[in-house]
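Visitor: with the input below, show me the fold.
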Amino acid sequence: MYPNRVIPHHTMFARLHQRLGETGSFKKLTNGNGRPRTVSTPDVEEQVLQELEDSPTKKKSVMMASDSFLLNLNNHLESNSYIGGHSPTQEDVLILKNIPLKLPSSVPNVIRWSLHMLSFSSQEIASFQASTNNISKLQCVYKRPFSKFTQDFKCVNALFEDIFQFENFVMSPSC
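Guide: Below you'll find the model as predicted:
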């Protein structure tokens, strides 16, 4: 066995050493388009993760914009008019302000619900109740405990009006 063993070329060891220095791993990683990762990629990823950790609102936006969240929300809204059931609450407002405006066609119930929610005036939105008895339904949608988000209901009205500016908001036909 020993005399017939094939020894790898020295460039394989050079590439392996370079990859270990760049990514901290022996695994060959690509960013999806076939090009190898650069030295700056791990630093950029670390900056993004740090930014998400420092800013909970961005973290919620990223989490809520994920496909799995939108699919779970779509399934929930298939049998419910609103997040809490039959009337809009601050939970609807909180979720609406954190989902993307351009929704994929694969979530028709979310599109219907968001267009309906956008039809409310800021005065009507301010009058929505902060229902806490529907947290278990929200946990089904979010697939994680929702206690952190219930603290945000107090500041939703002010943020919502600033972010969406309903009086001047017009949804483009491409949405």
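Visitor: could you measure R112 against S122, distance?
Guide: The gap separating R112 from S122 is 21 Å, by C-beta to C-beta, to the nearest Å. The way it works is simple: take the backbone N, C-alpha and C, and place the C-beta from them, glycine included.
Visitor: how about R15?
Guide: Where S122 is concerned, R15 sits at a distance of 59 Å (C-beta to C-beta).
Visitor: again with Q18
Guide: To S122, Q18 is 56 Å away according to C-beta to C-beta.
Visitor: do the same with S81
Guide: Distance, S81 to S122, using C-beta to C-beta: 21 Å.
Visitor: E91 too?
Guide: Applying C-beta to C-beta to E91 and S122 gives a distance of 17 Å.
Visitor: look at these two and report which has more neighbours.
Guide: E91 (26 against 15; other C-beta atoms under 10 Å).
Visitor: before we move on, which element is the more buried one in?
Guide: Using DSSP states H and E, E91 maps to helix 90-96.
Visitor: T11 now?
Guide: helix 10-23.
Visitor: got the domain ranges for this protein?
Guide: Following automatic domain parsing, one gets these domains for the chain: 10-25+40-54, 58-168.
Visitor: would you single out the least confident of those?
Guide: Ranked by mean pLDDT, the domains of the chain bottom out at domain 58-168, with a mean of 67.
Visitor: got the residue ranges for the helices in the protein?
Guide: Counting by DSSP state H, the chain has helices at residues 10-23, 40-54, 56-64, 67-78, 90-96, 108-118, 122-126, 135-142, 147-150, 153-164.
Visitor: packing partners of the fifth one?
Guide: Using 3 or more C-beta pairs under 8 Å, 6 or more residues apart in numbering; DSSP states H and E as the contact test, the elements touching helix 90-96 are helix 108-118, helix 153-164.
Visitor: which ones are touching S106?
Guide: 70-71, 74 (C-beta atoms under 8 Å, 6 or more residues apart in numbering).
Visitor: quick one: it from L71, how far?
Guide: Note on S106: its distance to L71, by C-beta to C-beta, is 7 Å.
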